[in-house]
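**Q** Sequence and computational prediction follow.
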Amino acid sequence: MLASETARRTALRRDAVLCAVFLVLTVGLWFAPTGFEDRVDDSAVRCRARVLATDNSRILQFGVIKTGIQSVTMELLDGPFAGRTVDGDNQLQGRLEFDKMFSPGDTLLAVITTDAAGGISRVNPQDHYRLRLEFFLFGLFAVLLLAYAGLTGLKALLSFVFAGCVIWKILLPGLLRGLPPVPLSLAVTTVLVAAVIFLVGGIGRKGLTAFIGSMLGILVTCLMALVFADGFRLHGAIKPFAETLLYTGFGQLDLTAIFLSAIFLASSGAIMDLSMDVAASQNELVCLDPQITFGQALRSGLAVGRAVVGTMTTTLLLAYSGGYTALLMVFMAQGVPLENIFNLNYVAGEIMNTLIGSFGLVTVAPFTALVGAFVFTRRPAAAAAPAELQTEVQR
């Protein structure tokens, strides 16, 4: 009992140190410059505004498509010009995915361009204001996570914010600077996998097993993407907004390598989930029977992996295809044959994403089971295992 309490306190201190380290890293990344701050227009002021009136007389409508200019009269609600009533033009391009229409009473995000004297030069009603609702939903998510998972929820929330900072501050600027996309994305993915697994799962045999298993599965996904890239004859411009990069001063970017890097980066989350499921089940098993053999631990890990891998593979299919529901409906409505659909480059790109990501899921389960069987049944560590494993179970 004393050994168990000592191990629990040791684990809590280790968790506290780990959380403190990642908190410092997250804050440092949050304030770290990306190197692209100079591209932000310093003369622009962003603030909330309430729509007072609109004038649609300059809008032409063709069915559901609208083009022209909507004049918007608005009251600025915050910022240095709060309380001012200004006019702005809402340019409609005839593209429903980009156009927006305002009505009196709407709250929008206004971008104000100032002149040399610091006054208002032009006001652009950019879009409906959604930031407060987004912050509310994130706060509600954080509260529910903390209420349900406690300390583990706090660590999960910290890993979530850390991952976002790493992607925004390291991965994206590195890609824009022309660093090799595949090595950079693989390095970033390794950091993120280590952060999530060791922060949430703890530094121990369970975390080590899940990390090694995850990385083996991600490496399989990476190699598969590189091997089959030429056969699919796909380029990175098939992804939304990828081509826009070429017209904004980044024509030197290798969009195809970025596309391939996104495959194993996108599947790494599901791979981590499956690896942790297998590692946690083996950890529980060894906790109940510290004298379990290598073969027994391996068979148990494989059994859990088989039970989970089917649903996880379907999860990838739903995740990738869910965003293309409207496109698939268009194909069906126009009577496009399935052969034509599956052969289209952007559809083939999603198929490549799904299938190669699924290879990572299928292989990560046996990889993790094999690593876990070796790690959890090492006899030199078995003497201290019961207290350690009890602590991990309590967490």
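**A** That came through, no problem. The structure presented is a predicted model; accordingly, all values stated were derived computationally and were not measured. Residues are numbered from 1 along each chain as shown.
**Q** what ranges do the helices span in the chain?
**A** Ranges of helices within the chain are 2-31, 131-149, 151-166, 172-176, 181-201, 205-232, 242-246, 255-288, 294-322, 325-333, 338-343, 345-376, 385-394, based on DSSP state H.
**Q** May I see the buried residues of stretch 242-250?
**A** Residues A242, L245 are the ones in stretch 242-250 that count as buried (16 or more other Cβ atoms under 10 Å). (Glycine included, C-beta is placed from N, CA and C.)
**Q** And it, how far out from the chain middle?
**A** Distance of stretch 242-250 from its chain centroid, counting by Cα atoms, centre = their mean, to the nearest Å, is 22 Å.
**Q** List the contacts of the closest residue to T107 other than its chain neighbours.
**A** Spatial nearest neighbour of T107, excluding adjacent residues (Cβ to Cβ, 6 or more residues apart in numbering): Y129 at 4.5 Å. Y129 is in contact with R48, T107, L108, L109, counting by Cβ atoms under 8 Å, 6 or more residues apart in numbering.
**Q** from the residues you listed, which ones fall inside strands?
**A** Taking DSSP state E, the ones among the contacts of Y129 that sit in strands are R48, T107, L108, L109.
**Q** got the helices of the chain as CSV, with distance to R122 and mean pLDDT columns?
**A** Output for the helices of the chain, formatted as CSV (distance: least, Cβ to Cβ, whole Å; pLDDT from 0 to 100):
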stretch, distance to R122, mean pLDDT
helix 2-31, 31, 79
helix 131-149, 22, 92
helix 151-166, 33, 89
helix 172-176, 28, 92
helix 181-201, 38, 91
helix 205-232, 45, 90
helix 242-246, 24, 80
helix 255-288, 34, 88
helix 294-322, 39, 79
helix 325-333, 35, 82
helix 338-343, 45, 84
helix 345-376, 37, 87
helix 385-394, 59, 46
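**Q** Quick one, which of these gets closest to L52.
**A** Across the helices of the chain, L52 has its closest neighbour in helix 131-149 (19.9 Å, Cβ to Cβ).
**Q** Any idea how many residues pack against the closest residue in space to V161 that isn't next to it in sequence?
**A** Residue nearest to V161 in three dimensions, not counting chain neighbours: T26, with 5.6 Å by Cβ to Cβ, 6+ apart. Applying other Cβ atoms under 10 Å, we find 19 residues neighbouring T26.
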